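[1] Kindly generate the corresponding structure for this input.
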Amino acid sequence: MKSLKPILHVSLLFCLIPGLAVIAKIDPPEGFVSLYNGKNLDGWWGLKTENPAKWMALSADELAKKKAASLKDINKHWTAKGDVLHNDGHGLYLSTIKNYGDFELLVDYKTVAKADSGIYLRGVPQVQIWDYTKEGGKWKIGADKGSGGLWNNSKGAPGKDPLVLADKPFGEWNSFRIRLVGENCTIHLNDKLVVDNVRLENYFNRKGSLPKKGPIQLQTHGGEISWRNIYIKELKGKSGAKGGKGKKSETGFKSTFNGKDFDGWAGPLANYEVVDGAIQCRKGKGGTIHTKEIYKDFVVRFEFNLPPGGNNGLAIRYPGKGDTAYYGMCELQVLDNTHPKYAKLDKRQYHGSAYGMAAAKRGHLKKPGEWNEQEVTVKGPTIKVILNGTEILDTDLSKVTDYMAGKPHPGKDRAEGHFGFAGHSSPVLFRNIRIKSL
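    Just a heads-up that it's a prediction; the model follows:
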């Protein structure tokens, strides 16, 4: 894999007037902008490990005072010289004044033995940087696996440990390429893939979503560290399931819809049609169509497009007849949450919810008429839903005891069944449907 960075990043302009500092002329790769201006710390302020939701809730005056107060500490421990930002191992973390949503970040760092540092994304810890040697004394907590992992993810969670050891020896510069889309993060360290498009957990609220925007923070944690070539490209309208180096592997997935007809499908097929390579429920029609194949544990990926007020559902482990919301394992809602006619629904009826049993997080659908990407993992009694890169549901249906309207769902413990779409008279579209058995 070739690096995005040019061979020559920076040229230095040396002033002939005594007393003037060296100014670096920054030359970011095409499409990127530099977070460092080559001369001072403008554009940055200081933060420690603190919940961005709290300081973002401050009034404008309170926030301005917080930022101003932080600069005394920043100027004590951080220096800008030429093309390098240097920290002495102490003080607040250098944090961008601007908050970022989806982005690709390039950054080089060089540190020293026994150091421990990292990069906070949207103000959330962290992409780990540390001494990977035995002499560093942190093998018991994963340092032997190297830098680049999402170390603050839960124990055993994907991405907590890097896939490979990619650190260079002390004294050499290391290069990160970090892509964050929604909640999904992909990280390359020294051109090696160390985190493959997995969820960055919200350290401050494990059950909550990652903030939609927040600062980039360069952590200092007891050892000198230098940074250079800090470039960012904001990603507009991207998704975590497609595009560039951030896309997930499709190994093991099989297409369940050929884009032309309903070969391999069963149920009330006359109530559906194929429109521009997508399955669409006919307006005013409905019923559950499903794959002929039966699945136990599986992952399904697909795209969907909701008309205004659109309503459909995913049939999970469907027995082939009856209402999948009750006789299948569940119906996972596919719904235009924003439409006024749905304003007073039970929270377990909105998009991504296991209908009547477990509520999904709201606020991550695209506008009606735009294509969304979703991934659903069904394993044993558990269901996880990722919508446009953000995890909106992670539930264990075997633990559900409170049902909407007090009506139990006899099929929720079903161990296998078909996958399908439960139409409710709305012309909702589905395409690129792929399933992998686990």
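
[2] what's the span of stretch 96-112, first residue to last?
    24 Å (C-alpha to C-alpha, to the nearest Å).

[3] That one: which residues count as buried?
    96, 99-111 (16 or more other C-beta atoms under 10 Å). C-beta here means a position set from N, CA and C on the backbone, and glycine is covered the same way.

[4] Sitting in strands, which of those do you find?
    Counting by DSSP state E, the buried residues of stretch 96-112 place 96, 103, 104, 105, 106, 107, 108, 109, 110, 111 in strands.

[5] which residues touch the fifth one?
    Going back to what we said before, that points to residue 106. Contacts were defined as C-beta atoms under 8 Å, 6 or more residues apart in numbering; by that measure residue 106 touches 4, 5, 29, 32, 175, 176, 177, 178, 229, 230, 231, 232.

[6] Among those residues, the buried ones, what's the ChimeraX command?
    If you want just the buried ones from the contacts of residue 106 in ChimeraX, going by 16+ other C-beta under 10 Å, the selection is:
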select :4,5,32,175,176,177,178,229,230,231,232
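
[7] And the contacts of residue 106, which is closest to residue 430?
    Relative to residue 430, the closest of the contacts of residue 106 is residue 178; by C-beta to C-beta it sits at 32.1 Å.

[8] tell me the angle the strand or helix carrying that closest one makes with strand 103-111.
    According to DSSP states H and E, residue 178 maps onto strand 174-181. Strand 174-181 and strand 103-111 are oriented at 150 degrees to each other (axes from the mean of the first three to the mean of the last three C-alpha atoms, to 10 degrees).

[9] Okay, now the sheet partners of the helix or strand just after strand 174-181, with direction.
    Using DSSP H and E, the helix or strand that directly follows strand 174-181 along the chain is strand 184-189. Using DSSP bridges, strand 184-189 pairs in its sheet with strand 174-181 (antiparallel), strand 192-199 (antiparallel).

[10] Of all the ones you listed, which one is nearest residue 306?
    Closest among the strands paired with strand 184-189, once you apply C-beta to C-beta, is strand 174-181, at 20.8 Å.

[11] Residue 204 falls within a strand, correct?
    No: secondary structure of residue 204 (DSSP: H, G, I helix; E, B strand; the rest coil): coil, not part of a strand.

[12] Next, count neighbours for the residue lying closest to it once chain neighbours are set aside.
    Among residues not flanking residue 204 along the chain, residue 51 sits closest, at 4.0 Å (C-beta to C-beta, 6 or more residues apart in numbering). Neighbour count of residue 51, defined by other C-beta atoms under 10 Å: 15.

[13] Counting neighbours, what do you get for residue 356?
    24.

[14] Confirm for me that it is in contact with residue 345.
    No: using C-beta atoms under 8 Å, residue 356 makes no contact with residue 345, being 10.7 Å away.

[15] partners of whichever helix or strand residue 233 is part of in the sheet?
    Using DSSP H and E, residue 233 maps to strand 225-234. Using DSSP bridges, strand 225-234 pairs in its sheet with strand 33-34 (antiparallel), strand 84-87 (antiparallel), strand 103-111 (antiparallel).

[16] okay if I get the ones you listed as a markdown table plus mean pLDDT?
    What follows is those, written out as a markdown table (pLDDT from 0 to 100):
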| stretch | mean pLDDT |
| --- | --- |
| strand 33-34 | 95 |
| strand 84-87 | 95 |
| strand 103-111 | 95 |
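
[17] As JSON lines, these with distance to residue 328 would be great.
    What follows is the strands paired with strand 225-234, written out as JSON lines (distance: least, C-beta to C-beta, whole Å):
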{"stretch": "strand 33-34", "distance to residue 328": "49"}
{"stretch": "strand 84-87", "distance to residue 328": "55"}
{"stretch": "strand 103-111", "distance to residue 328": "39"}
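
[18] quick one: which of the ones you listed is nearest residue 315?
    strand 103-111 (36.5 Å).

[19] can you give me the offset of the closest one from its chain's centre?
    Centroid separation for strand 103-111 versus its chain: 18 Å, with C-alpha atoms, centre = their mean, to the nearest Å.

[20] Send me it as CSV with only the CA atoms.
    Provided in CSV are the C-alpha atoms of strand 103-111 (Å, rounded to 0.1, in the frame of the first residue of the first chain):
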residue,chain,number,x,y,z
PHE,A,103,-12.5,12.4,8.7
GLU,A,104,-9.2,10.9,7.6
LEU,A,105,-6.3,11.9,9.7
LEU,A,106,-2.6,11.7,8.8
VAL,A,107,0.0,12.2,11.5
ASP,A,108,3.6,11.3,12.3
TYR,A,109,4.9,10.9,15.8
LYS,A,110,8.3,10.1,17.5
THR,A,111,8.5,9.2,21.2
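
[21] so what secondary structure elements neighbour the following helix or strand past it?
    Of the helices and strands lying after strand 103-111 in sequence (DSSP H and E), the nearest is strand 116-121. Judged by 3 or more C-beta pairs under 8 Å, 6 or more residues apart in numbering; DSSP states H and E, strand 116-121 is in contact with strand 103-111, strand 124-130, strand 174-181, strand 217-218.

[22] So, low pLDDT: which residues of the stretch 151-300 of the chain?
    237-248 (pLDDT under 70).

[23] Go again with 50.
    Low-confidence segments of the stretch 151-300 of the chain (pLDDT under 50): 238-246.

[24] To residue 135, which of the strands paired with strand 225-234 lies closest?
    Per C-beta to C-beta, nearest to residue 135 of the strands paired with strand 225-234: strand 103-111, 14.1 Å.

[25] right, and residue 431 touches residue 277 too?
    Yes: at 5.8 Å, residue 431 and residue 277 qualify as touching, with contact defined as C-beta under 8 Å.

[26] any shared contact partners between those two?
    residue 259.

[27] which of the two has more neighbours?
    Taking neighbours as other C-beta under 10 Å, residue 431 and residue 277 compare with residue 431 leading, 18 against 12.

[28] Now do that one against residue 84, distance only.
    48 Å (C-beta to C-beta, to the nearest Å).

[29] And the protein, what are its domain boundaries?
    10-246, 254-437 (automatic domain parsing).

[30] The residue nearest to residue 165 when sequence neighbours are not counted and residue 89: what is the separation?
    Residue nearest to residue 165 in three dimensions, not counting chain neighbours: residue 146, with 3.8 Å by C-beta to C-beta, 6+ apart. Distance from residue 146 to residue 89, counting by C-beta to C-beta: 21 Å.
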